[in-house]
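Participant: A structural model of the following input is requested.
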Amino acid sequence: MDTLAKISQFFQYILPVAAVIALAALVVLLIRVINVVKNLTVIVTKTNTTMDGVNEAVGITNNYLKDMNVTVKAVNNMAMSVEAVRATTERAVKKTAKTWNKEYEQVKGWVTAFLEEKLPKKDKEKQENTL
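Facilitator: Presented below is the predicted three-dimensional model:
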């Protein structure tokens with residue numbers, strides 16, 4: 001039992017010293033945590049300022065995009081109008097060409113028939129020789 005008494009007495013002397021060392025370590029740890037929290041506060045403040053700037057830039061960009069959307073719609077409408085004019089013009093030109101071709105053939109037939117009836121054969125031969 002003498003050994004157990006010595007061990008007990010050793011721990012009676014060591015435990016208060018170990019408690020003081022642990023308390024000092026906790027104080028140092030608490031001071032460091034307080035400094036980290038202060039630094040975090042500064043970082044959060046700077047981050048908030050930066051985010052405010054980013055939010056403002058995003059707002060300005062959104063306004064520009066809205067303005068650009070109006071411009072894009074106007075350009076798109078003009079392009080669609082130009083395409084409609086082109087398609088209408090193409091149809092009109094094709095219709096005019098078909099009508100003119102049909103009437104041209106008809107007039108050509110009338111003139112040819114008229115000339116064949118009215119011109120004597122000699123004039124026809126002269127006309128053929130000149131061609």
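Participant: tell me what the helix ranked longest in the chain is packed against?
Facilitator: Ranked by residue count and defined by DSSP state H, the top helix of the chain is helix 2-118. Secondary-structure packing of helix 2-118 (3 or more CB pairs under 8 Å, 6 or more residues apart in numbering; DSSP states H and E): no helix or strand packs against it. The C-beta positions use only the backbone N, C-alpha and C, and glycine is treated the same way.
Participant: average pLDDT for stretch 35-50?
Facilitator: The average pLDDT within stretch 35-50 is 91.
Participant: Distance from that stretch to the middle of the chain?
Facilitator: Averaging C-alpha positions (CA atoms, centre = their mean, to the nearest Å) puts stretch 35-50 35 Å from its chain's average.
Participant: who's in contact with Tyr64?
Facilitator: Residues counted as contacts of Tyr64 (CB atoms under 8 Å, 6 or more residues apart in numbering): none.
Participant: Give me the pLDDT for it.
Facilitator: 91.
Participant: Give me the distance between it and Glu116.
Facilitator: The spacing between Tyr64 and Glu116, counted by CB to CB, to the nearest Å, is 76 Å.
Participant: Counting neighbours, what do you get for Ala113?
Facilitator: Ala113 has 10 neighbours, counted by other CB atoms under 10 Å.
Participant: Relative to Leu15, how far out is it?
Facilitator: Distance from Ala113 to Leu15, by CB to CB: 137 Å.
Participant: Next: Gln9.
Facilitator: Here Gln9 is placed at a distance of 11 Å from Leu15 (CB to CB).
Participant: what's stretch 86-103 in contact with?
Facilitator: By CB under 8 Å, 6+ apart, no residue outside stretch 86-103 reaches it.
Participant: List every C-alpha atom in it, with coordinates, as CSV.
Facilitator: Below are the C-alpha coordinates for stretch 86-103, written out as CSV (Å, rounded to 0.1, in the frame of the first residue of the first chain):
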residue,chain,number,x,y,z
ARG,A,86,-38.2,40.6,-100.3
ALA,A,87,-40.7,37.7,-100.5
THR,A,88,-43.5,40.0,-101.7
THR,A,89,-41.2,41.5,-104.3
GLU,A,90,-40.1,38.1,-105.5
ARG,A,91,-43.7,36.9,-105.9
ALA,A,92,-44.6,40.2,-107.7
VAL,A,93,-41.7,39.9,-110.1
LYS,A,94,-42.4,36.2,-110.9
LYS,A,95,-46.1,37.0,-111.5
THR,A,96,-45.2,40.0,-113.7
ALA,A,97,-42.7,37.9,-115.7
LYS,A,98,-45.2,35.1,-116.2
THR,A,99,-47.9,37.5,-117.2
TRP,A,100,-45.5,39.4,-119.5
ASN,A,101,-44.2,36.2,-121.1
LYS,A,102,-47.8,35.0,-121.7
GLU,A,103,-48.9,38.3,-123.2
